[in-house]
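K.L.:
Please work out how this folds:
(4 chains, ligands or ions: 4)
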Amino acid sequence: MTEIPTSRHSAFQVLTGLFSLPAGARIGIGPMIAAVILLIIVLASVLAPLYVPYNPLSMDALSRLKPPSEAHWLGTDPYGRDTFSRVMTGGRVSLLIGVGAAVVSVAVGLMIGLVAGFFRAADGVIMRIMDSLMAIPAILLAIALVALNGPSLSSVIIAITVPEVPRVVRLVRSVVLSAREEPYVEAAIALGSSMPKILIQHLMPNTFAPLIVQGTYICASAILIEAILSFLGAGVSTEIPTWGNIMAEGRTYFQIKPGLIFWPGLMLSLCILAINLLGDTARDLLDPRMKKREG
Amino acid sequence: MEFKSKDFTDSRRVLKIRKLKVGLTGRPNAAPVLNEIDLDIRAGETHCLVGESGSGKSVTSLAVMGLLPKDALEIQGGLIDLEGVEITYAKPSVMRALRARRIAMIFQEPMTALNPVLRVGEQIEEVLNMHTDLSQAEAKKRTLDMMEQVHLPDVDRIYQAFPHQLSGGQRQRIMIAMALILDPDLLIADEPTTALDVTTQLQILRLIAEMQERHGTAVLFITHDMGVVAEIADTVSVMQKGRIVERAPIRDLLTNPQEDYTKKLLMAVPNLAPRAARAPATAKDVIIVKGLDMTYGGGGFLRRSEGVKAARDVNFTIKPGRTLGIVGESGSGKSTVARCIMRLIDPTAGKVSVAGTEIAQLSRRQLQPYRKHLQIVFQDPYRSLNPRWTVARSLCEGPINFGTSKEEAMDKAAELMELVDLPRDALDRYPHQFSGGQRQRIAIARAVAMKPDLLVADEAVSALDVSVQAQVLDLLDDIQDKFGVAMLFITHDLRVAAQICDEVLVMQKGLVVEHGPADEVLSNPRHDYTRTLIEAAPGRHWDFANFRAMERVPALKGATA
Amino acid sequence: QQDTSTITAVMHSGLRVLDPVITTAHITRDHGYMIYDVLTAVDADFKPQPQMASWEISEDGLTYTFTLRDGLLFHDGAPVTGADVVASLSRWGKRDSGGQLIFDVTASLEAPDDKTIVWTLTKPFAPLLDVISKQSAVPPFIMPARVAATSSDETITEYVGSGPFVFNEAEYEPGVSVTYDKFDGYVPRDEPASWMAGGKVVNVDKVVWTTMPDALTALNALSAGEIDYLEQVQIDLMPILSGNPDVTVEKRDELGYVTIGRPNFLHPPFDNKLIRQAAMAALDQESMLATMQGDPEYYNVCGAIFGCSTPLGDESGSETLTGGADPEKSKALLEEAGYDGTPIVLMAPTDVISLINQPVVAAQALREGGFTVDLQTMDWQSVVQRRAQQSPVTEGGWNMFFTNWMVPEVSDPLINVMVNGRGNDAWFGWPTDEEIEALRADFVAAPDAATQKEVAVKIQEHVMDNVNYIMMGEYIIPQARRNTIQNMIPSPVPVFWNMTKEAE
Amino acid sequence: MFLYILKRVLATIPVMVIVAIFVFLLLRLTPGDPAAILAGDAATPAQLERIRERLGLNDPLLTQFITWMGQLLRGDLGTSLLSNTSVAGMLADRLGPTINIALMTIVISVVMAVPMGVIAAWRHRTWVDFLVMSFSVLGFSVPVFVIGYILIQIFAIDLRWVPVQGYKSPADGFGAFFSRAILPSLTLATIYIALIARMTRASMLEVLGEDYIRTARAKGVRENVVLFRHALRNAAVPILTIIGTGFALLISGVVVTESVFNIPGIGRLTVDAILARDYPVIQAMILLTAGIYVFVNLLVDISYSFFDPRIRY
Ligand SMILES: Nc1ncnc2c1ncn2[C@@H]1O[C@H](COP(=O)(O)OP(=O)(O)OP(=O)(O)O)[C@@H](O)[C@H]1O
Ligand SMILES: Nc1ncnc2c1ncn2[C@@H]1O[C@H](COP(=O)(O)OP(=O)(O)OP(=O)(O)O)[C@@H](O)[C@H]1O
Ligand SMILES: [Mg+2]
Ligand SMILES: [Mg+2]
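P.N.:
Numbering: from 1, shown residues only, chains lettered A, B, ... in the order given. Ligands and ions are numbered 1, 2, ... in the order given. Below you'll find the predicted structure:
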């Protein structure tokens, strides 16, 4: 980075500029529903311990793999644990990992990508480092991190994020490569805007639309990868319910007890659908050219 | 002065517009953008649409093409009839069949109107591929031929070029070629010659006239250049605030305008007679350009192609408070020079010193403090405004960069908006919600807000109607007086050049062919090119402000004609 | 698939290590039985029988003379000689724990001629034939002398045996598939095949082992007839096959496996016998086995550390394990021992299917019994490395892990590594247990089977009291085959002789 | 351009060196002991120690690294610690299935996803758009093995059109290859279709409001040409990026799909090798992946300037 923004006003402007909505923008009913769904899922997950009927860890070997019943609304898993309690509790860790991985990789990738895309000199070096990072398998990294740090959420998030960052970087950079040739960037240079300001205020908004797509994808895939990692022994303990875990554990029982995959899968899909809808709305709101009449 | 005076009442009516009303989408109660427009154009007729910038000229033409941005503007009433086909609410497929063959349009801003990632040749050729059965080779030949006809130089190179590799005028001619190539029945030309030097402009106008002769094309010609209107119009409509306020045959309009607005407009047309040079300033030069060379590197996959020598050995200096005009052929390197001295591109050779410092070799970062001294109004204002930013934010960007507080910058911005004759509420709007001329004014306001030592204005007033243009030129004059701003003024409009330049520099093919005080150069041109240029100035036989012919045509000293 | 000369089998794991002496991996042992032969082998009654050689034992029990039968050929065409046998046994003796015990008392091992091998001991070693005939862990496979000359710490690089199948090196893809061709030069014995003994008659031209990491896919492939044989079927998935008339799911052998938990004796809290007893009280075989296997048909609550259906098996002292968990007793014991709530680290591997359930179930049971449990999931490699750490828990050590053995691998005190009480030289967990060492010495010295059994019962009782390890019961993994596959012999090791394949 | 490519190709060397060092250190940081997996459950510490000695695992790290580098420079990837087979041979065996399936996947994905995305953007906020969005949500959030199992159930078990599992190289006949590769490719494609379709849609939306789209329409160009020639080309850069990174990812192997369909590919090899701590295999694998990434990324970068001539390096 060459310089920090020249005054506190520009920092202020970054915030207001980025998040103020174009005049007349209104939010439709779809995104409202999405927000409500998301809120419900988040609350349901966070508050799960208060209302789920069973301890999600307590087992009963004699009632394994039971179909849904009065006692177990969604049936039980191969350990005889209550699926409903596990699915509802599972959201806590899953959402944390999904959102954590998405936010971290997008944030880090965005910064690096902006710099790589804009400064020709930096591009080569940064992108070659990214190429190298991309090649490190998440599993290996996770195993190493767990060995160093012990198993923890942050190890998992880092292990998922590190290979994801270069992909975000490439995406951001590609958008910036085109956008930096726009005359309004020249105009900003001519107006004496500092490099950070040009990067953040002029170029960054161009990356939002693709980043929203990439971000939701990372969020979903992190939740699924988490399960793979934990089954390869590098994630959170398999005992602790997460949507990914529950699905991965249900994998072999796919043909005889699809509910083990269906319910956590449904929760995950709902979340992703909601995040997607919100993302789309955010992107439409941030792009004045997309301003739409109420539909 | 000769006016066209053919009577078209018997000709086939090509376009009929009745009570056309266009308003903001979904807001039928807001003030309409077009308010009950009536318009008729007959085969072979040239109908000129003039009027205030932002009065709805472009919107009218887009409505006819069926290309209104449907998220923002919609037809709220009235009727558009093209040769008996009612197209107001026509299906897309119907419109598609009509376009290019029957109606073609030249868009106002060629930079944004051309696809940045397709070669311009292909973009023209596409029209042929879509609407004719010509073979690949024939289509290419037609295309190259058309490019020659619009007087593009070096057509083989330009055919292969991408829009960003062309000069403003070259792009505009690509647009023109695209629209003319199929001899449409109705041609809508939205300020097609703003970026063209007068000689080229003359040739283009002739080309259109020939087509009208040959094919009976009806032409709707939107322009601010009264000289052009005087030369080519059969009838003229004057627009103001979304209405057509006056319609008349050209002679009647020029000699006997009815409406106040029309009179005001005509009276604002500047004179071709150069202003008296201001007293030579004694202060140090604001900018010194020495031996500036710029060659655009040719890419080429394996071997480097030769590249385009866009500027060669350009030298000049400007003192505070004075204006240097650059006129010349389209594609002669004017914008290149401007961009070089702004250090937006790196000159291949030469020296540029600003405020005593050599900046041609400074790095981007080292340059940053000097940015305050130099400002530019780009030739394509639309693209130079961030589409995601409100006008207010764009206007405040520069001052805030150099330490002005946000509130102060906002106040200043509001003030400037008034000075360039834009409503205050425009501050909260986005660039795409403005007309071409309005955007140009925003760009000017943005540059002026910086109170630079040197203002580079590249075709800065070309999209403005003459009354607003006069106002903006006054504004520039004002700040020049007040702050001693030096100005580099690139223009094709010799009237404007005559109005405000102290010195003029004439460029052709990258070279400076003539350089001297404005009255010298304009009234006593020494170089042949300068002379042809001045002779080609449209409407120089008419004294618009006084509604009559020139008493004394400003003869060129030593001219043979 | 109408090719009746090729059997395609999906084995429990991919074959990666090709040296059956250096590793104890079951898949490599299975591979060993395909391409190598053994001197002697146990039959279905746990009785050693002649295979490559017959034997004579001197009166004093100190000299064993083996005579090779006729017609033994290596795959490269060379005849099997006494020298090959001596070299092979010597290499094996360096690797196998039972073998080491024999070599500890070996005076000489020689091949006076091509057909004869003489093994002389310094003192009698009654179980010698049992040890060299054992079918699992590391059986003494006979290789050419030049191959057996490889150091026992290095893997062999030439795969020539004298067994009924030839290793097809060209088609070998480590971890993916391995192909065996029938060895035409193999002369089977005349007796009918029984376990690892008897005539190894090969009825097909080719056997292909492939690995299918996905259990469901393997079942589907079997249903669709893309494979002929599936070595292990997860019990929970059996319903998927039950409707298919072309497929038979069955037990290959009744012995099966045991699953066990091993505490670490070096560090608190399991250095305290009371707390080990508390853990044993908290655990319960039935719920663990039920979770692992689901169907009681395929598991066996069994407190015998040497296996319930083996000659030495005895269930003394195992009531708390077999009779259901007793968390109250566990809590009382903890109270008595003054357990301070230090979390016990349970290592839970997640990539070995047969070991996933135990720690998870145990963790929950221990919690209910008053323990604080830190269940740490990791891949098997990490378990393998970490269980070798003697450091305290806080410095990368551990308190308990689980593993499985085939019953024949634990069926007597010499083979069963968990009853070794030699401190640092003992198996992971490192109990220093002089009492058990004394009992083991008695076992070796025991003159006859009845005395052996007596000692074995004492060992059983001692293990239950001292909790050297926690026996969590027996289980069986069924196999599945298409009905075209016939004449399989029951055996703990999946063997491909005798088997026939018919057209559909 | 030529210079640029040359520079990039040369830049592969430092990338490889960085990766090599990094992986080497990372591997030595991960717990695990190849000797233990080699020897199995019953080995004593002394035996393990001897095996480690033999395998050279007891040498100082630097010595091990130098030995490995020396081998690499001689073009020798070493042999697997477990199977004793040549690593180069193992990689060669496994690369074919992975590359073929990756190619098929990416072709299917692009052919399906790009039109989906374009149409969704064109019909922004209509049911078409919502359908594409819902599909991609499924693609994102349904685990691949579920898709695999469902496809197997339908096409292999119920309809019996294709085999359940396995892999045959195209050299064994295209039919044999195709019938086995199609389900895994479709399985993998779902996620890429989802991703590419949404990226296309997002990117197209940025472009469709531009003036040159209006110009194209003014030329009477057919709507599909407007969309695919004028708009899509402008929207191409982020889409290409996604395709590129997706392809790179596919090439480096996708373990779940390979397991479900029993394909002997790179993904399984990597995971197996990591779980077994077969150092030479892992190291070679990751170097190979890095090389492939560098190559694929170079292709993508070159294609940028093909699609968007304003991009210069
Ligand atoms: N997308 C839009 N949304 C809202 N208002 C618009 C939009 N496009 C144009 N306008 C408004 O419509 C009015 C007419 O614009 P138009 O472009 O027709 O002007 P014009 O006569 O062509 O002006 P100029 O000579 O400056 O090009 C202007 O006031 C402009 O602000
Ligand atoms: N990026 C570029 N790459 C290659 N050639 C270029 C590039 N930009 C401009 N040119 C060429 O350089 C020459 C000078 O262009 P320039 O824009 O300076 O002309 P101009 O005098 O401003 O013309 P106009 O009056 O038409 O705007 C033209 O022939 C143009 O085609
Ligand atoms: Mg206009
Ligand atoms: Mg120009």
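
K.L.:
For the stretch 101-250 of chain B, what lies in contact range of ligand 3?
P.N.:
Taking CB under 5 Å from the ion as the contact definition, the stretch 101-250 of chain B meets ligand 3 at residue B:108. Yep, even glycine has a C-beta here, placed from its N, CA and C like the rest.

K.L.:
can you tell me which residues contact residue B:72?
P.N.:
Listed by CB atoms under 8 Å, 6 or more residues apart in numbering or on different chains, the contact set of residue B:72 reads A:291, B:24, B:25, B:432, B:433.

K.L.:
Point me to the residue of the stretch 1-150 of chain C nearest chain D.
P.N.:
residue C:24 (3.1 Å; CB to the nearest CB).

K.L.:
Confidence-wise, which helix or strand of the chain is lowest on average?
P.N.:
Since no chain was named, I'll use chain A. Lowest on mean pLDDT, DSSP states H and E among the helices and strands of chain A sits helix A:8-19, with a mean of 41.

K.L.:
oops, chain C please
P.N.:
helix C:380-386 (a mean of 83).

K.L.:
Next one: whichever helix or strand comes after it, is it in contact with chain A?
P.N.:
Once helix C:380-386 ends, the next helix or strand along the chain (criterion: DSSP states H and E) is strand C:400-406. No - figure legend: strand C:400-406 not in contact with chain A (CB under 8 Å from any CB of the partner chain); closest approach 12.9 Å.

K.L.:
can you list the residues that contact the very next helix or strand once past strand C:400-406?
P.N.:
Remark: after strand C:400-406, the chain's next helix or strand is helix C:407-410, criterion DSSP H and E. For helix C:407-410, contacts defined as CB under 8 Å, 6+ apart pick out C:134-137, C:255-258, C:305-307, C:309-310, C:415-416, C:418, C:474, C:492.

K.L.:
Filter those down to the buried ones and hand me the PyMOL line.
P.N.:
Buried residues among the contacts of helix C:407-410 (16 or more other CB atoms under 10 Å in any protein chain shown), as a PyMOL selection:
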select buried, chain C and resi 134+135+136+137+255+256+257+258+305+306+307+310+415+416+418+474+492
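
K.L.:
Nearest residue to residue 135 in space, please, no chain neighbours.
P.N.:
Went with chain A since none was named. Among residues not flanking residue A:135 along the chain, residue D:290 sits closest, at 3.7 Å (CB to CB, 6 or more residues apart in numbering or on different chains).

K.L.:
that's the wrong chain, I meant chain C
P.N.:
Leaving aside its sequence neighbours, residue C:135 sits nearest to residue C:196 (CB to CB, 6+ apart; 4.6 Å).

K.L.:
For residue 219, grab the count of nearby residues.
P.N.:
Just so you know, I chose chain A. When neighbours are defined as other CB atoms under 10 Å in any protein chain shown, residue A:219 has 28 of them.

K.L.:
meant chain C actually
P.N.:
Counted with other CB under 10 Å, residue C:219 comes out at 27.

K.L.:
how near is the residue in chain A positioned nearest to ligand 3 to chain D?
P.N.:
For chain A, the residue closest to ligand 3 is residue A:289, as judged by CB to the ion, at 18.1 Å. Separation of residue A:289 from chain D (CB to the nearest CB, to the nearest Å): 5 Å.

K.L.:
Please report the distance of the residue nearest to residue C:350 when sequence neighbours are not counted from chain B.
P.N.:
Take residue C:350 and drop its neighbours on the chain: the residue closest to it by CB to CB, 6+ apart is residue A:233, 4.3 Å away. Taken as CB to the nearest CB, the spacing of residue A:233 relative to chain B amounts to 47 Å.

K.L.:
Could I get the phi/psi values of residue A:233?
P.N.:
phi 80, psi 20 (degrees, to the nearest 10).

K.L.:
which of the residues in stretch B:104-116 are buried?
P.N.:
Within stretch B:104-116, the residues that count as buried by 16+ other CB under 10 Å are B:104-116.

K.L.:
residue contacts, the nearest residue to the residue of chain A closest to ligand 3 once chain neighbours are set aside?
P.N.:
Leaving out its chain neighbours, the residue that sits closest to residue A:289 by CB to CB, 6+ apart is residue D:209, at 4.6 Å. Taking CB under 8 Å, 6+ apart, we find residue D:209 in contact with A:289, A:290, B:69, B:71, B:432.

K.L.:
how about TSV for the residues you listed, with pLDDT added?
P.N.:
Listed next are those as TSV, based on pLDDT from 0 to 100:
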residue	pLDDT
A:289	71
A:290	63
B:69	88
B:71	82
B:432	90
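
K.L.:
Go through those residues and name the one nearest chain C.
P.N.:
Of those, the one sitting nearest to chain C (CB to the nearest CB) turns out to be residue A:290, at 44.7 Å.

K.L.:
distance of the residue nearest in space to the middle of chain D from residue D:186?
P.N.:
Nearest to the geometric centre of chain D sits residue D:250, at 1.9 Å (CA atoms, centre = their mean). Separation of residue D:250 from residue D:186 (CB to CB, to the nearest Å) stands at 13 Å.

K.L.:
Pretty sure residue B:43 sits against residue B:14.
P.N.:
Yes - between residue B:43 and residue B:14 there is a contact under CB atoms under 8 Å: 5.4 Å.

K.L.:
Look up the residues that both of these two are in contact with.
P.N.:
B:185, B:218.

K.L.:
Not counting its neighbours along the chain, what's nearest residue 116?
P.N.:
Reading this off chain A. Per CB to CB, 6+ apart, closest to residue A:116 is residue A:126, 4.1 Å.

K.L.:
meant chain D, my bad for not saying
P.N.:
residue D:197 (4.2 Å).

K.L.:
who's in contact with the one you found?
P.N.:
By CB under 8 Å, 6+ apart, the neighbours of residue D:197 are D:112, D:113, D:114, D:116, D:117, D:120, D:132, D:135, D:136.

K.L.:
Show me the two of those that sit farthest apart.
P.N.:
Using CB to CB, the contacts of residue D:197 span at most 14.0 Å, a distance reached by D:114 and D:135.

K.L.:
Same drill for the two, tell me which one is more crowded.
P.N.:
residue D:114 (23 against 18).

K.L.:
Report the contact partners of the more buried one.
P.N.:
With CB under 8 Å, 6+ apart, residue D:114 has these contacts: D:196, D:197, D:200, D:232, D:239.

K.L.:
where does the first one fall, helix, sheet strand or coil?
P.N.:
Per DSSP: H, G, I helix; E, B strand; the rest coil, the secondary structure class of residue D:196 is helix.
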